[in-house]
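Colleague: Got a predicted structure plus its sequence, pasted below:
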Amino acid sequence: MIIADLNDIAGRVYPARRRTQNLVGGVSPIQAANFCMGFVTLEPNGGQVPWHNQEQEEIYFVLEGTGEMCLGEERQTVSSGQAVWIPPGVFHQMTNVGEQPLTMLYCYGPAGDVAHWKQELEGTLPRAGVAGEAPPLPPGAQPQCTDKPQS
């Protein structure tokens, strides 16, 4: 039996003020062919999974906190107990708009790496609303974090 214990997974901190811990896939001891899953903590007041897209379909499930979910041209507030389905190829972003950490699970399939993790760490994320890079965020959305990592 292979067990991934969240308490033993250091995870990675990203420039957009979040920590991602792989439960299935990535550096986790559990590897699956059809999906990846992880636990994400967004820091209060703006921690974010920045505007990006990927080939896999995905689910975000908010465990605690309040976030602004942008999906394509839509923007909506989401909170604990809510799940959002993200179709393949659609740009999306989650921003913590609360004063407490937002925690959520993600699950996407099929398994495999997603480019936005590496792009964020390198400071090369496609920028929202820049021609040839990424479509604009929905009106009124929190700005996309494109901060480069600090050396």
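Modeller: All right, it came through fine.
Colleague: what's the lowest-mean-pLDDT helix or strand in the chain in contact with?
Modeller: Between all helices and strands in the chain, the lowest mean by mean pLDDT, DSSP states H and E belongs to helix 115-122, at a mean of 90. Residues from elsewhere that reach helix 115-122 (CB atoms under 8 Å, 6 or more residues apart in numbering): 12, 14-16, 20, 50, 52, 54, 125-126, 149. C-betas here are computed from N, CA, C, even on glycine.
Colleague: If we use 10 Å, what do you get?
Modeller: Judged by CB atoms under 10 Å, 6 or more residues apart in numbering, the contacts made with helix 115-122 from elsewhere in the structure are 12-16, 18, 20, 26, 48-55, 124-126, 145-149.
Colleague: What residues sit buried inside it?
Modeller: Along helix 115-122, these residues count as buried under the neighbour rule (16 or more other CB atoms under 10 Å): 116-117, 120.
Colleague: and what of stretch 59-69?
Modeller: By 16+ other CB under 10 Å, the buried positions in stretch 59-69 come out as 59-62, 65, 67-69.
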